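Student: Build me a model:
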Amino acid sequence: MRLHVPISLRWSDLDAYGHVNNAAMFGLLEEARIFAFWAGDDTYVGKTDKTAPATRIFRGGPDAGTITLIARQQAEYLAPIPYLREPLDVEMWVGALGGASMDVCYEVFSPVGVVPRVLFARALTTIVVIDAAEEKPRRITDAERAVIEEIVDAPLVFRDR
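Tutor: Residues are numbered from 1 along each chain as shown. Reported below is the predicted structural model:
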């Protein structure tokens, strides 16, 4: 299963050519990732919020016991993204799930309902789960793993060079 996260563009995401800047793309992917995986104080494993996706399993904030660090990011741009009023459709899934890490995969599409559907970019972020107090990687818990496994799909394959 893949998550579909709507991400709206901002004027500041555009470059002088009138399309989304490559560096801004990583910020848009970060917003999608935060929406998908990070919860407020009332939405983490063990508690429920019917408006939050089930994948919101990590609690954020300065007092959180777990933090996540990015170990790797890669993007492949397939078409320029012009300014669009409707949100992009960011499809997300986990392509690899390790002991303390996961590869979050993305495909960035034109807004829902736009025909023909355009695939603008593919990307991957490797996230490492860290125990905040020890500042060392920690294993993904069984409860977290059970939720993440619902969105595990084939790993993203980039074009050969």
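
Student: Surely M1 and V147 touch.
Tutor: No. At 11.5 Å, M1 does not count as touching V147 under the criterion of Cβ atoms under 8 Å. Every residue, glycine included, has its C-beta placed from N, CA and C.

Student: Who has more neighbours out of those two?
Tutor: V147 (17 against 8; other Cβ atoms under 10 Å).

Student: tell me the SS of the more buried one?
Tutor: Here V147 is recorded as helix under DSSP: H, G, I helix; E, B strand; the rest coil.

Student: Point me to the helix or strand that includes the residue nearest the centre of the chain.
Tutor: In the chain, the residue lying closest to the centroid (Cα atoms, centre = their mean) is R33, at 2.8 Å. Secondary-structure assignment from DSSP states H and E places R33 in helix 22-37.

Student: Which residues does that helix contact?
Tutor: If you take Cβ atoms under 8 Å, 6 or more residues apart in numbering as the criterion, helix 22-37 is touched by 3, 5, 7, 9, 12-15, 20, 53, 55-58, 60, 68, 73, 75, 77, 81, 88, 90, 92, 104, 106, 108, 121, 123, 125, 127.

Student: again, but for stretch 134-154
Tutor: Contacts for stretch 134-154 (Cβ under 8 Å, 6+ apart): 1-3, 45-46, 54-55, 57-58, 66, 92-95, 97-102, 105, 128-131.

Student: mind running it again at 6 Å?
Tutor: For stretch 134-154, contacts defined as Cβ atoms under 6 Å, 6 or more residues apart in numbering pick out 1, 45, 54-55, 57, 93-94, 97, 99-100, 128-131.

Student: Alpha carbons only: can I get it in PDB?
Tutor: Taking Å, rounded to 0.1, in the frame of the first residue of the first chain, the C-alpha atoms of stretch 134-154 are listed here in PDB:
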ATOM      1  CA  GLU A 134      21.800   8.100  24.100                       C
ATOM      2  CA  GLU A 135      22.200   9.800  20.700                       C
ATOM      3  CA  LYS A 136      22.600   6.300  19.100                       C
ATOM      4  CA  PRO A 137      20.500   4.300  16.600                       C
ATOM      5  CA  ARG A 138      17.800   2.300  18.200                       C
ATOM      6  CA  ARG A 139      15.800  -0.600  16.900                       C
ATOM      7  CA  ILE A 140      12.400   0.000  15.400                       C
ATOM      8  CA  THR A 141      10.000  -1.400  18.000                       C
ATOM      9  CA  ASP A 142       7.600  -4.200  17.100                       C
ATOM     10  CA  ALA A 143       4.600  -1.800  17.400                       C
ATOM     11  CA  GLU A 144       6.300   0.700  15.000                       C
ATOM     12  CA  ARG A 145       7.400  -2.100  12.600                       C
ATOM     13  CA  ALA A 146       3.800  -3.500  12.500                       C
ATOM     14  CA  VAL A 147       2.500  -0.100  11.300                       C
ATOM     15  CA  ILE A 148       5.400   0.500   8.800                       C
ATOM     16  CA  GLU A 149       5.000  -2.900   7.300                       C
ATOM     17  CA  GLU A 150       1.600  -1.900   6.000                       C
ATOM     18  CA  ILE A 151       3.200   0.500   3.600                       C
ATOM     19  CA  VAL A 152       6.200  -1.600   2.500                       C
ATOM     20  CA  ASP A 153       6.400  -2.000  -1.200                       C
ATOM     21  CA  ALA A 154       9.000  -2.700  -3.800                       C
END
